[in-house]
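[1] Show me how the following folds:
(one chain, ligands or ions: 1)
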Amino acid sequence: MSTSNALKRNAGSLRAAITGDVWVRGDDGYDEARRAWNLTTDQRPDAVVFAESAADVVRAVRFARSQEMRIAPQGTGHGSEPLESLQGTILLRTSRMRGVEIDHASLTARVQAGAQWQDVTVLAGDYGLAALAGTSPDVGVTGYILGGGLGWMARRYGLAANSVTAAQVVTPDGRLVRADAGHEPDVFWAVRGGGGSVGVVTALDMVLYPVSELYAGALFFPIDRSSEVLHAWREWTDTVPDEVTSVGRLLRLPSFPEIPAELRGRAFVLVEAAYLGDAYTGAKLLQPLRQLGPEIDTFATIPASALRQLHMDPDQPVPNQGDGAFLADAPAAAIDAVVAMAGPGTDTPLVSVEIRHLGGALARPAPGGGAQPKIDAKYLIFGGGLTPTLELAGAVRAQARALKDAVSVWHASYDYYNFMETPGSADAVLPRASYRRLQSIKATYDPDQVIVSAHPVWPSRRPMREVA
Ligand SMILES: Cc1cc2nc3c(=O)[nH]c(=O)nc-3n(C[C@H](O)[C@H](O)[C@H](O)COP(=O)(O)OP(=O)(O)OC[C@H]3O[C@@H](n4cnc5c(N)ncnc54)[C@H](O)[C@@H]3O)c2cc1C
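    Residues are numbered from 1 along each chain as shown. Presented below is the predicted three-dimensional model:
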């Protein structure tokens, strides 16, 4: 009997065990339940479980084991493209587990696995605190942290993963454990930047920072000025303190009605930045770029929680594709290569091509850090576009790949976990030593490959389990 038929026979016991909801392939509602935030992904698990609690997660994992099935945890589905096949798999959605508790006294937050960043940043902001969120409001906290987590305060406070102090995890054998420096230290290490291959996270504890406001915004220039502005930005990044995290970007905005009229359908080169400090000092730091005469200048003192709008990421599910790479450095020739690929006069389907400035705290080993203790790359590049049709999906994929190839001589030794949106093993997105340690942890905790994750890890001592 195929896994699917066995599952259909036993679905009643799964439904009875789970407080949340269960859909088996063929059920009404299955297509809605399996849909990822990235609408390009056509994921087809045998069943979808929407967990309401850690207890539901335990029951789903135990059920999967009992049926010799695999289990794929997923929050929003922003990172759905690199997932392995979901054949013989239960997709375990945590999107109903969005609770957030702030402990003002200890400057920490406890965040349930399905929370989105906006759930944390808005609440933390009420206490004058900030979390190390990424650019998008509705990216899941858990997936982002499992892959490292690079946000607007990264050069000052490092990767978000290294601000995690504890994780609640359901291990592949169905035990709910606390992982921290003193308990399950290998799991604790792995979930901080090593991906989600060693268990299902049900909650994370993390440090918050006393940042209520900061000076942040964007300078927009017509795309014709790409070369001049990106070179100036690149040189400026050599001069700024760790309190400044910035992005040099080429942006072609679609003609969507929800986009402000002055931006709609236009192409820009822009510099986006956040400075952890006052407006007077921030304006002085920004002066070399401001004196280039931007068409639009949005820099102002803003609440930390308003950073979620700075990058203008879509806050609704969209079909999209993209790819990125860590760059050991980005000399002038690398900027020229990016402008040649996506600057003025090029016919590119890439909506956004961005170069993020790294360094600062990211370059220093985080004390007691996890699987990405530091980043040996000075910049990060990413190109992506909208893919409403198969044809466009192919074109965007090819261009994102070509962009990556165009700067290949400056690539670091591995790519950024969260920005590699093509399927591939975790050894392409982690330092070599981290991948080796992860393989041995996987061999201990999940030798049978029960957990399906983005960027899989093959256990070091056992062959990969054959999936029916
Ligand atoms: C618009 C946009 C903006 C982005 N901005 C940034 C950014 O600024 N900085 C940055 O670092 N990244 C950024 N990313 C990348 C993003 O961090 C990754 O795509 C991340 O995987 C998304 O996490 P998620 O939980 O939302 O996605 P999901 O697709 O739900 O999860 C991704 C993977 O994480 C693992 N996972 C999720 N939940 C669990 C769990 N409970 N237990 C175990 N494993 C789990 C699984 O392997 C899953 O396949 C962005 C992505 C998009 C689409």
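[2] only C-alpha atoms for contact and neighbour calcs from this point on.
    Fine.
[3] any idea how far Trp189 is from Arg110?
    The gap separating Arg110 from Trp189 is 18 Å, by CA to CA, to the nearest Å.
[4] Correction: the previous question concerned Val207.
    16 Å.
[5] And for Ile259?
    For Ile259 relative to Trp189 (CA to CA), the value is 41 Å.
[6] Strands of the stretch 51-200 of the chain, start to end?
    In the stretch 51-200 of the chain, the strands defined using DSSP state E, counting those that start in this stretch lie at 70-74, 89-93, 100-103, 108-112, 164-170, 176-180, 200-207.
[7] that older thread, so Ile259 and Trp189 - more neighbours on which side?
    Trp189 (27 against 13; other CA atoms under 10 Å).
[8] list the buried ones in stretch 448-460?
    448-460 (16 or more other CA atoms under 10 Å).
[9] next one: stretch 275-283
    Buried, per 16+ other CA under 10 Å, within stretch 275-283: Tyr275, Leu276, Gly277, Ala279, Gly282, Ala283.
[10] For the stretch 201-350 of the chain, what lies in contact range of the ligand?
    Within the stretch 201-350 of the chain, the residues that sit near the ligand (CA under 6 Å from any ligand atom) are Val201, Thr202, Asp313.
[11] Which of these ranks first by neighbour count?
    Val201 (28 neighbours).
[12] And the strands of the stretch 51-200 of the chain: which comes nearest Glu32?
    strand 89-93 (12.2 Å; CA to CA).
[13] Now tell me what touches the closest one from outside.
    34, 45-51, 57, 60, 64, 69-76, 114, 452 (CA atoms under 8 Å, 6 or more residues apart in numbering).
[14] mind listing which of those residues are in helices?
    Arg34, Val57, Ala60, Ala64 (DSSP state H).
[15] which among the residues you listed end up buried?
    Looking at the ones in helices among the contacts of strand 89-93 with 16+ other CA under 10 Å, the buried ones turn out to be Arg34, Val57, Ala60, Ala64.
[16] from those, which single one is nearest the ligand?
    Set against the ligand, the nearest of these by CA to the nearest ligand atom is Val57 (9.2 Å).
[17] Surely that closest one is in contact with Val170?
    Yes - assessed by CA atoms under 8 Å, Val57 is found in contact with Val170 at 7.1 Å.
[18] For the longest helix seen in the chain, name the packing helices and strands.
    In the chain, with assignment by DSSP H, the single longest helix is helix 390-406. If you count contacts as 3 or more CA pairs under 8 Å, 6 or more residues apart in numbering; DSSP states H and E, helix 390-406 packs onto strand 320-327, helix 332-342, strand 379-386.
[19] tilt between the first one and strand 379-386?
    With axes from the mean of the first three to the mean of the last three CA atoms, to 10 degrees applied, the angle from strand 320-327 to strand 379-386 works out at 170 degrees.
[20] tell me the mean pLDDT over strand 320-327?
    Regarding strand 320-327, the rounded mean pLDDT is 96.
[21] Just list what it packs against, helices and strands only.
    Strand 320-327 packs on strand 379-386, helix 390-406, going by 3+ CA pairs under 8 Å, 6+ apart.
[22] just to revisit the earlier point, among the contacts of strand 89-93, which are in reach of the ligand?
    Pro73, Gln74, Gly75, Thr76.
[23] Just among those, which is most surrounded?
    Gln74 (28 neighbours).
[24] rewinding a little: show me whatever sits in contact with both of Val57 and Val170.
    Val200, Thr202.
[25] Same question for the helix or strand bottoming out on mean pLDDT in the chain: list its buried residues.
    Ranked by mean pLDDT, DSSP states H and E, the weakest helix or strand in the chain is helix 3-17, scoring a mean of 84. Residues of helix 3-17 classed as buried under the neighbour-count rule (16+ other CA under 10 Å) are Thr3, Ser4, Leu7, Lys8, Ala11, Leu14.
[26] surely the last one meets Ala60?
    Translated: Leu14. Yes - at 7.3 Å, Leu14 counts as touching Ala60 under the criterion of CA under 8 Å.
[27] And the next helix or strand past the helix or strand harbouring Tyr215?
    Here Tyr215, judged by DSSP states H and E, is contained in strand 213-222. The first helix or strand that comes after strand 213-222 along the chain, using DSSP H and E, is helix 226-237.
[28] quick revisit: how about residues contacting the least confident helix or strand of the chain?
    Counting by CA under 8 Å, 6+ apart, 21-22, 24-25, 46, 56, 59-60, 63, 67, 69, 88, 468 sit against helix 3-17.
[29] What about the residues you listed, which one has the most neighbours?
    Ala60 (26 neighbours).
[30] Hmm, that residue is touching Gly20, no?
    No - look at Ala60 against Gly20 with CA under 8 Å: they stay out of range, at 10.4 Å.
[31] hey, what's in contact with both of those two?
    Counting by CA under 8 Å, 6+ apart, the residues touching both Ala60 and Gly20 are Val49.
[32] separation between the residue nearest to Gly343 when sequence neighbours are not counted and Ala166?
    Spatially, and ignoring its direct neighbours in sequence, Gly343 is nearest to Ser226 (6.2 Å; CA to CA, 6 or more residues apart in numbering). Distance, Ser226 to Ala166, by CA to CA: 43 Å.
[33] Also Ala273?
    For Ala273, the distance to Ala166 - CA to CA - is 30 Å.
[34] Also Asp313?
    29 Å.
[35] tell me the most buried of the helices and strands packed on helix 390-406?
    strand 320-327 (a mean of 27; mean count of other CA atoms under 10 Å).
[36] what is the orientation angle of it with helix 332-342?
    170 degrees.
[37] starting at the chain centroid, how far to strand 320-327?
    11 Å (CA atoms, centre = their mean, to the nearest Å).
[38] Can you tell me what sits against that strand?
    Outside strand 320-327, the residues touching it (CA under 8 Å, 6+ apart) are 38-40, 377-388, 393, 396-397, 400-401, 404, 410-412, 414-416, 419-422.
[39] swap in stretch 110-122?
    Counting by CA under 8 Å, 6+ apart, 75-76, 93-102, 109, 130-131, 133-134, 136-142, 201-206, 304-305, 308 sit against stretch 110-122.
[40] Of those, which count as buried by neighbour count?
    Going by neighbour count (16+ other CA under 10 Å), the contacts of stretch 110-122 have 75-76, 93-98, 100, 102, 109, 130-131, 133-134, 136-142, 201-206, 304-305, 308 buried.
[41] can you pull the contacts of the nearest residue to Glu52 once chain neighbours are set aside?
    The shortest distance from Glu52 to any non-neighbouring residue, by CA to CA, 6+ apart, is to Gly20 (5.1 Å). Shown in contact with Gly20 (CA under 8 Å, 6+ apart): Val49, Phe50, Ala51, Glu52, Asp56.
[42] Turn those residues into TSV, including pLDDT.
    Output for those, formatted as TSV (pLDDT from 0 to 100):
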residue	pLDDT
Val49	98
Phe50	98
Ala51	98
Glu52	98
Asp56	98
